[in-house]
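1. I would like the atomic coordinates for the input below:
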Amino acid sequence: QVQLVESGGGLVQTGGSLRLSCAASGLTFGRYTMGWFRQAPGTEREWIVVISSSGSNTYYADSVKGRFTISRDNAKNTVYLQMNSLKPEDTAVYYCAAKVAYSGSSYRQEDYNYWGQGTQVTVSS
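-> All right, here's what the predicted structure looks like:
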C-alpha cells in the first residue's frame, strides 16, 4: 500500500520559513516524479513545484520561484520543500504527490498517481 505522509506545516509570520517533508512508502521512490501542490480556501488546488525522479531537474511556478526549493533524498524516500520569505498568500493546504516518471504531465494533478493527506501552512500578516 502506497503512502505519502506530509509533515512540517504550521503557523509562521510573514517573512518566515518552513520546511515541509513528504515521506513515501510502498513504492519504488526513485521511479517517481514528485510534485507539491497547494490549495487555499475557496480556490482550486494548484501545482507549485516538481522534481524529477533523479532529482536533477526542478521546475517552479512563478508564484514561488526564488523563495521555495524542492529537493529529494531517494535513500530516505523523502521529498522536501523549503519555503522561505513566506507571504500571507502562501497560506494553503500543501500536498505532495507522486507520478510515474516520464508519464503524463508534471503540471497536471490528474496525471499523478498518489497523494498525501496534506499539511496546513498558515502565514500571518
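2. what about residue 43, how many neighbours?
-> Neighbourhood size, residue 43 [other C-beta atoms under 10 Å]: 9. C-beta coordinates here come from the backbone N, C-alpha and C atoms, glycine included.
3. in a strand, residue 24, correct?
-> Yes. Counting by DSSP: H, G, I helix; E, B strand; the rest coil, residue 24 falls inside a strand.
4. apart from its chain neighbours, what residue comes closest to it?
-> Counting by C-beta to C-beta, 6 or more residues apart in numbering, the nearest residue to residue 24 once its immediate chain neighbours are dropped is residue 77, at 4.6 Å.
5. ok, that neighbour - contacts?
-> Contacts of residue 77 were listed using C-beta atoms under 8 Å, 6 or more residues apart in numbering, and they are 23-25, 29.
6. center of this protein, which residue is that?
-> residue 36 (2.3 Å; C-alpha atoms, centre = their mean).
7. partners of the helix or strand where it lies, with directions?
-> Assigned by DSSP states H and E, residue 36 belongs to strand 32-39. Using DSSP bridges, the strands paired with strand 32-39 are strand 46-51 (antiparallel), strand 92-100 (antiparallel).
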